[in-house]
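[1] quick one, fold the following:
(chains A and B)
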There are 2 protein chains.
Amino acid sequence: MSVKHVGVALLGLGVVGGGTYEILRDKREMILKNDDVDVEIKAVLDRNEARIAELGIDKSIVARDIDEIVNNPDIQIVAEFFGGVEPARNFLLKALYAGKSIVTANKEMFSKCWQELEQAAEAGGGGLYFEASCVGGVPVIRALTDSMQANRITSLKGIVNGTTNYILTRMSDEGVDYASCLKEAQRLGYAEANPSADVDGFDSAYKNSILSSLAYRRRVPVDKIIREGISDISVKDIAYGKELGYTIKLLAISGQRDGRIEARVHPAFLPNSHPLAFVKGSFNALFLSGDSVDDVMFYGRGAGALPTGSAIVSDIVFCARNEEHRRYPFENIKDVDENAFLNDFSTMYYVRFDVKTGDGTLSKIAGVLSKNKISIKSVLQKADDELVLITHEVRESVMRKALCEAEQLDGVDKVAALIRVEE
Amino acid sequence: MSVKHVGVALLGLGVVGGGTYEILRDKREMILKNDDVDVEIKAVLDRNEARIAELGIDKSIVARDIDEIVNNPDIQIVAEFFGGVEPARNFLLKALYAGKSIVTANKEMFSKCWQELEQAAEAGGGGLYFEASCVGGVPVIRALTDSMQANRITSLKGIVNGTTNYILTRMSDEGVDYASCLKEAQRLGYAEANPSADVDGFDSAYKNSILSSLAYRRRVPVDKIIREGISDISVKDIAYGKELGYTIKLLAISGQRDGRIEARVHPAFLPNSHPLAFVKGSFNALFLSGDSVDDVMFYGRGAGALPTGSAIVSDIVFCARNEEHRRYPFENIKDVDENAFLNDFSTMYYVRFDVKTGDGTLSKIAGVLSKNKISIKSVLQKADDELVLITHEVRESVMRKALCEAEQLDGVDKVAALIRVEE
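    The predicted model follows:
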């Protein structure tokens, strides 16, 4: 192959920006030798002078502003590490309109602004590369765009947030409560001071939007994704689930059925035998089912300077070698109307009832469920004032209605926990 | 993207060839719509008229011989499904010299003949695509070539043969002996009448050669791979390993240390917590470690008409869109001299001794091991005439020497089983 020379600008030198800088600095020769791509960092944009000094960056490549980068004809690729919507969106739109390709790990900005980015890329002729936006260094975007062409993807399940998986794994393995695990995650730098983006499932929803849009070739906007976080999950329910053969995970789930798409993010019990049940701590994984390939899973680190930097550098090299730039998920992905999304979905349920007495109450609850055509898969009773059930698959709306009825029963105090069970 | 039209010939209509035919027939519209590639099957080559009728193939596209395909200017891609070295090698060389690109699932031919194929591809200008040769529909080749550019891969472990994983999983889960499991695998069509290619590790060695060459960017010939099969594995050792926290797998292993490569295929115990330990039945997986990405794993079906067909079709579409064709693993991969390979390697060991009596014998064995600087990690004694040990890491040559000495000990009958333990 002929050698390609490419000039890159790095916007932001935080954890991943710094990791990417170090990889490109230390491995320029290796990448040239292996892939015939010579990547030169032509500019960095960051106001933190201490960080620039720490990384040993020559001041001559520190840009004053985005315009200096946009106007530099020696820069073909702009890699962004700010996170959040602004100024990332504004800077990347400028770069795209100026004909540059962009590489980003910014799932929030990407999932919220792709229409604009696509228009700008089309106008400028550049490409959109975002492998690093989902599952860190694991090439799930490349797999969806370049390896699943023979498939109708039928469903997708992912553990796509390391913070929540770390918390749930500790709660599960060590019986430590949610608040303590969150504090520990914050101490270790796995969770932000304001942890909402992770623990409330926003981060997983952004990624679900990107992954599902690629999987089904239909745009799945973030606001169509049903979203619940993990803050209500108790150690008690995790322990009961374990006894029944299940592991708790925060899942990004989507599926395509009868031409309609359902997408959601919520904690769920998985059977211990499911490959995703073994994904522990801060590791991430994406599990896909296609009508040709059957089940496949991609596993690895979902975050971190070098794993995410690995995906960024891979995109830079891939972009440099591309003749035709990628504008996924936009190209050939149509907007879909409201009716394309299922708001109601079917799954199995774990329910814990607080009861006045177990005696006779189970049969009354079973009666209500049966009346609503909900069948019980297993029952666990560990104390007199508690009943745990797992149901077979049922529509969520039917389940909620039945539980309202059950709460009216004599002998039932309340539904103390409701957790979906995926198989 | 502009629409690309591509004419394809299918050589062989067996399981995977037939599956590929069906995918291309049934999904031509979908692939055109999603990927702007219009794939037309212009010719098939197979002498089995019943099979051609079964697949409903129009006789007008049945070629008489390879030359008819090679001389057809409407065919740009030749996909091969014969398996084995000849006539696949000869036919594909003809196609490559005629300027066509090739797509193949044939790991034996590919790992044995790549130098020739590369020369022919370079002469003709076509590309070599072989995603389907390893781990079926799971895009491990694409991951190694297009997603790990920021990494020095340090090691690789794979369960790359479904037949042996099916057998070992059944032996492990159900306690059924090797011979019965093999028979059952043959009955189900998972194993050939002559099962040697699978159970003796040849198939895994071909795949290890391809994967390791891509991982380290250095050619790892099949004959440099240390190879042992699974036929000596007993249900007893699997059960003892389980008690000690290990799962048995046939692994393709390689690593790069101090500039030297070691590559091997043999059964090994993995800790139950290792992600590969959960890969059951006929599923396959590849576990990689890179210096940027850390650990990643790719999991899915390693064989079958549609999963492997999925990889073939993905290669066809990818090839059709490529401006610069791939000649991996050849491009930028140098042949390496004999010294580049380690014949001796270090690992942990599970050893089962037949002993005359346990009393005092353990301490004698421990003495011999200690003298050879081998330390013991755990001991299991289930019967008077048996001793099971797991050692810490030690070089294989040292281990074998120590075991010879131990067999001379009064009280020791023989080393009844020796299984490597990987962590």
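[2] from here on, just use CA atoms for contacts and neighbour counts.
    OK.
[3] which residues sit in contact with A:Asp385?
    Each residue near A:Asp385 by Cα atoms under 8 Å, 6 or more residues apart in numbering or on different chains is listed here: A:354-358.
[4] neighbour-wise, give me the winner out of those residues.
    Using other Cα atoms under 10 Å in any protein chain shown as the neighbour criterion, A:Val355 leads the contacts of A:Asp385 with 23 neighbours.
[5] so for the contacts of A:Asp385, which is the shakiest by pLDDT?
    Minimum pLDDT for the contacts of A:Asp385 is recorded at A:Gly358 (65).
[6] how about A:Ser289, secondary structure?
    Using DSSP: H, G, I helix; E, B strand; the rest coil, the three-state assignment for A:Ser289 comes out as strand.
[7] what does the stretch 51-200 of chain A have sitting close to chain B?
    Contacts of the stretch 51-200 of chain A with chain B, taken as Cα under 8 Å from any Cα of the partner chain, map to A:137-139, A:142-143, A:146-151.
[8] from A:Gly360, how far out is A:Thr347?
    Using Cα to Cα, to the nearest Å, A:Thr347 is found at 27 Å from A:Gly360.
[9] higher neighbour count, the two?
    Comparing A:Thr347 with A:Gly360 by neighbour count (other Cα under 10 Å), the higher total belongs to A:Thr347, at 15 against 9.
[10] and that one, what element?
    A:Thr347 is located in strand A:346-355, with elements delineated by DSSP states H and E.
[11] check contacts around A:Thr169.
    The neighbours of A:Thr169, taking Cα under 8 Å, 6+ apart as the test, are A:280-281.
[12] need phi/psi at it.
    Main-chain dihedrals, A:Thr169, degrees, to the nearest 10: phi -60, psi -40.
[13] give me the pLDDT for it.
    If you check A:Thr169, the pLDDT there is 97.
[14] how far away is it from A:Asp177?
    For A:Thr169, the distance to A:Asp177 equals 11 Å [Cα to Cα].
[15] same question, A:Glu86
    Using Cα to Cα, one obtains 35 Å as the distance from A:Glu86 to A:Asp177.
[16] of the two, who's got more company?
    The neighbour count for A:Glu86 versus A:Asp177, taken as other Cα under 10 Å, is higher for A:Asp177 (17 against 11).
[17] I'd guessed the more buried one sits against A:Ser234; true?
    Yes. Contact criterion Cα atoms under 8 Å: A:Asp177 and A:Ser234 qualify, at 6.9 Å.
[18] could you say what helices and strands the host helix or strand of A:Gly309 packs with?
    Assigned by DSSP H and E, A:Gly309 belongs to helix A:305-321. Using 3 or more Cα pairs under 8 Å, 6 or more residues apart in numbering or on different chains; DSSP states H and E, the elements in contact with helix A:305-321 are strand A:4-11, helix A:15-26, strand A:37-45, strand A:101-104.
[19] tell me what angle that helix forms with helix A:15-26.
    Between the axes of helix A:305-321 and helix A:15-26, defined by axes from the mean of the first three to the mean of the last three Cα atoms, to 10 degrees, the angle is 60 degrees.
[20] quick one, helix A:305-321 and strand A:37-45 angle?
    120 degrees.
[21] let me see the mean pLDDT of helix A:305-321.
    Confidence for helix A:305-321, expressed as mean pLDDT, is 95.
[22] which of the residues in stretch A:49-64 are buried?
    Buried residues in stretch A:49-64, counted by 16 or more other Cα atoms under 10 Å in any protein chain shown: A:52, A:57, A:62-63.
[23] all strands of the stretch 201-350 of chain A, in order?
    For the stretch 201-350 of chain A, applying DSSP state E, counting those that start in this stretch gives strands covering A:226-227, A:246-257, A:260-271, A:283-290, A:294-301, A:346-355.
[24] can you lay out those strands as a markdown table showing distance to B:Glu423?
    Shown next, in a markdown table, are the strands of the stretch 201-350 of chain A (distance: least, Cα to Cα, whole Å):
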| stretch | distance to B:Glu423 |
| --- | --- |
| strand A:226-227 | 38 |
| strand A:246-257 | 24 |
| strand A:260-271 | 26 |
| strand A:283-290 | 18 |
| strand A:294-301 | 17 |
| strand A:346-355 | 36 |
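[25] sorry, back to before: of all the contacts of A:Asp385, which comes closest to B:Ile253?
    A:Asp354 (52.5 Å; Cα to Cα).
[26] where does the prediction get shaky in the stretch 201-350 of chain A?
    By pLDDT under 70, the low-scoring segments of the stretch 201-350 of chain A are A:327-336, A:338.
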